[in-house]
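Trainee: For reference, the sequence and a predicted model appear below.
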Amino acid sequence: MIAAVFVLVLAIGAIVAGTGYARKANAMRGFQMTTGRVVARDVVAITGDRTEGRWGDGGGWAPRVAYAYSVDGEDLTGDRVAYAPSGLKRSVAERRAAAYPDEVLVWYDPANPRDAYLERHTPRLGRVLVAAGVIAAAGALVGIVAAL
(Lines give C-alpha, C1' and ligand atoms only; values in the text may rest on other atoms or scores of the structure.)
Protein backbone atom coordinates (compact mmCIF):
# COMPACT_ATOMS: atom_id res chain seq x y z
CA MET A 1 0.00 0.00 0.00
CA ILE A 2 2.85 2.41 0.81
CA ALA A 3 4.34 1.75 -2.62
CA ALA A 4 0.98 2.48 -4.28
CA VAL A 5 0.67 5.79 -2.40
CA PHE A 6 4.23 6.68 -3.43
CA VAL A 7 3.40 5.90 -7.08
CA LEU A 8 0.22 7.96 -6.80
CA VAL A 9 2.19 10.97 -5.50
CA LEU A 10 4.70 10.63 -8.35
CA ALA A 11 1.88 10.26 -10.85
CA ILE A 12 0.20 13.44 -9.62
CA GLY A 13 3.55 15.22 -9.91
CA ALA A 14 3.91 14.00 -13.50
CA ILE A 15 0.40 15.18 -14.34
CA VAL A 16 1.00 18.64 -12.84
CA ALA A 17 4.43 19.01 -14.49
CA GLY A 18 3.15 17.73 -17.83
CA THR A 19 0.17 20.05 -17.78
CA GLY A 20 2.38 23.06 -17.07
CA TYR A 21 4.87 22.06 -19.76
CA ALA A 22 2.16 21.48 -22.37
CA ARG A 23 0.45 24.76 -21.47
CA LYS A 24 3.71 26.71 -21.88
CA ALA A 25 4.57 24.87 -25.12
CA ASN A 26 1.13 25.68 -26.54
CA ALA A 27 1.62 29.33 -25.57
CA MET A 28 5.00 29.27 -27.31
CA ARG A 29 3.23 28.57 -30.60
CA GLY A 30 2.12 32.21 -30.50
CA PHE A 31 5.56 33.58 -29.60
CA GLN A 32 7.20 35.94 -32.06
CA MET A 33 10.79 35.94 -33.13
CA THR A 34 13.45 38.61 -33.17
CA THR A 35 17.22 38.59 -33.37
CA GLY A 36 19.35 39.02 -30.32
CA ARG A 37 23.01 39.48 -29.48
CA VAL A 38 24.76 37.16 -27.03
CA VAL A 39 26.44 39.12 -24.25
CA ALA A 40 27.61 36.23 -22.02
CA ARG A 41 27.86 32.45 -21.97
CA ASP A 42 28.32 30.21 -18.93
CA VAL A 43 26.73 27.25 -17.16
CA VAL A 44 24.46 27.07 -14.12
CA ALA A 45 23.65 24.31 -11.69
CA ILE A 46 20.03 23.22 -12.07
CA THR A 47 20.05 20.59 -9.34
CA GLY A 48 21.74 20.24 -6.00
CA ASP A 49 23.49 17.07 -7.22
CA ARG A 50 26.55 18.05 -9.22
CA THR A 51 28.02 14.58 -9.53
CA GLU A 52 28.51 13.30 -13.04
CA GLY A 53 28.39 9.74 -14.29
CA ARG A 54 30.96 8.16 -16.55
CA TRP A 55 28.58 7.53 -19.44
CA GLY A 56 26.02 9.67 -21.19
CA ASP A 57 25.51 13.42 -21.17
CA GLY A 58 23.31 13.72 -18.08
CA GLY A 59 24.19 15.79 -15.04
CA GLY A 60 23.14 18.77 -12.99
CA TRP A 61 24.23 21.62 -15.28
CA ALA A 62 22.63 23.65 -18.07
CA PRO A 63 24.00 26.24 -20.47
CA ARG A 64 23.08 29.83 -19.69
CA VAL A 65 23.29 32.31 -22.51
CA ALA A 66 22.62 35.96 -21.71
CA TYR A 67 21.35 37.94 -24.68
CA ALA A 68 20.12 41.41 -25.55
CA TYR A 69 17.18 41.95 -27.89
CA SER A 70 14.73 44.65 -28.82
CA VAL A 71 10.93 44.57 -29.13
CA ASP A 72 9.00 47.60 -30.37
CA GLY A 73 11.95 49.87 -29.64
CA GLU A 74 12.40 48.62 -26.06
CA ASP A 75 15.81 47.13 -25.27
CA LEU A 76 15.50 43.94 -23.25
CA THR A 77 17.77 41.23 -21.90
CA GLY A 78 17.22 37.58 -21.16
CA ASP A 79 19.15 34.50 -20.13
CA ARG A 80 16.70 31.64 -20.51
CA VAL A 81 17.68 29.12 -23.13
CA ALA A 82 14.69 26.81 -22.64
CA TYR A 83 11.56 26.61 -20.49
CA ALA A 84 12.60 23.21 -19.16
CA PRO A 85 16.37 22.87 -19.43
CA SER A 86 17.91 19.40 -19.61
CA GLY A 87 20.45 18.46 -16.98
CA LEU A 88 23.83 17.91 -18.57
CA LYS A 89 27.38 17.16 -17.56
CA ARG A 90 29.23 20.39 -16.92
CA SER A 91 31.57 19.84 -19.90
CA VAL A 92 28.61 19.18 -22.21
CA ALA A 93 26.76 22.26 -20.93
CA GLU A 94 29.89 24.35 -21.50
CA ARG A 95 30.19 23.07 -25.09
CA ARG A 96 26.52 23.79 -25.77
CA ALA A 97 26.79 27.31 -24.33
CA ALA A 98 29.87 27.98 -26.45
CA ALA A 99 28.07 26.66 -29.57
CA TYR A 100 25.52 29.49 -29.58
CA PRO A 101 26.51 32.05 -32.21
CA ASP A 102 26.97 35.72 -31.36
CA GLU A 103 23.62 36.48 -33.06
CA VAL A 104 20.69 34.31 -31.95
CA LEU A 105 16.98 34.00 -32.61
CA VAL A 106 14.95 35.02 -29.57
CA TRP A 107 11.39 33.75 -29.15
CA TYR A 108 9.27 36.06 -27.00
CA ASP A 109 5.69 36.36 -25.84
CA PRO A 110 4.14 39.35 -27.66
CA ALA A 111 1.92 40.02 -24.62
CA ASN A 112 4.96 40.01 -22.31
CA PRO A 113 8.19 40.53 -24.30
CA ARG A 114 10.33 39.89 -21.20
CA ASP A 115 9.19 36.25 -21.36
CA ALA A 116 11.79 35.09 -23.88
CA TYR A 117 13.70 31.93 -24.74
CA LEU A 118 16.20 30.76 -27.32
CA GLU A 119 14.36 27.46 -27.83
CA ARG A 120 10.66 26.83 -28.37
CA HIS A 121 9.06 23.61 -27.19
CA THR A 122 6.27 21.44 -28.52
CA PRO A 123 3.64 20.07 -26.14
CA ARG A 124 4.58 16.44 -26.92
CA LEU A 125 6.66 15.87 -23.77
CA GLY A 126 3.98 17.43 -21.60
CA ARG A 127 1.32 15.19 -23.11
CA VAL A 128 3.50 12.12 -22.54
CA LEU A 129 3.99 13.10 -18.89
CA VAL A 130 0.26 13.60 -18.41
CA ALA A 131 -0.58 10.27 -20.08
CA ALA A 132 2.04 8.40 -18.05
CA GLY A 133 0.83 10.10 -14.89
CA VAL A 134 -2.80 9.15 -15.56
CA ILE A 135 -1.87 5.53 -16.24
CA ALA A 136 0.34 5.35 -13.14
CA ALA A 137 -2.33 7.02 -11.00
CA ALA A 138 -4.97 4.57 -12.20
CA GLY A 139 -2.69 1.65 -11.39
CA ALA A 140 -1.87 3.10 -7.97
CA LEU A 141 -5.53 3.67 -7.19
CA VAL A 142 -6.34 0.07 -8.13
CA GLY A 143 -3.55 -1.07 -5.81
CA ILE A 144 -4.81 1.11 -2.97
CA VAL A 145 -8.41 -0.07 -3.37
CA ALA A 146 -7.27 -3.70 -3.57
CA ALA A 147 -5.30 -3.30 -0.34
CA LEU A 148 -8.32 -1.95 1.55
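Mentor: Ah, there it is.
Trainee: On the pLDDT front, check the residue most central in space within the chain for me.
Mentor: For the chain, the residue sitting closest to the mean C-alpha position, by Cα atoms, centre = their mean, is residue 84 at 0.5 Å. Listed pLDDT for residue 84 reads 84.
Trainee: Report the buried residues of the longest helix seen in the chain.
Mentor: Using DSSP state H, we find that the single longest helix of the chain is helix 2-28. Buried residues in helix 2-28, counted by 16 or more other Cβ atoms under 10 Å: 4, 7-8, 11, 14-15, 17-19, 21-22, 24-25, 27-28. For the C-beta atoms, the positions are set from N, CA and C on the backbone; glycine is no exception.
Trainee: one step back: how about the closest residue to the residue nearest to the centre of the chain other than its chain neighbours, what does it touch?
Mentor: Nearest residue to residue 84, sequence neighbours excluded (Cβ to Cβ, 6 or more residues apart in numbering): residue 21, at 6.0 Å. By Cβ atoms under 8 Å, 6 or more residues apart in numbering, the contact set of residue 21 is 83-84, 121, 123, 125-126, 129.
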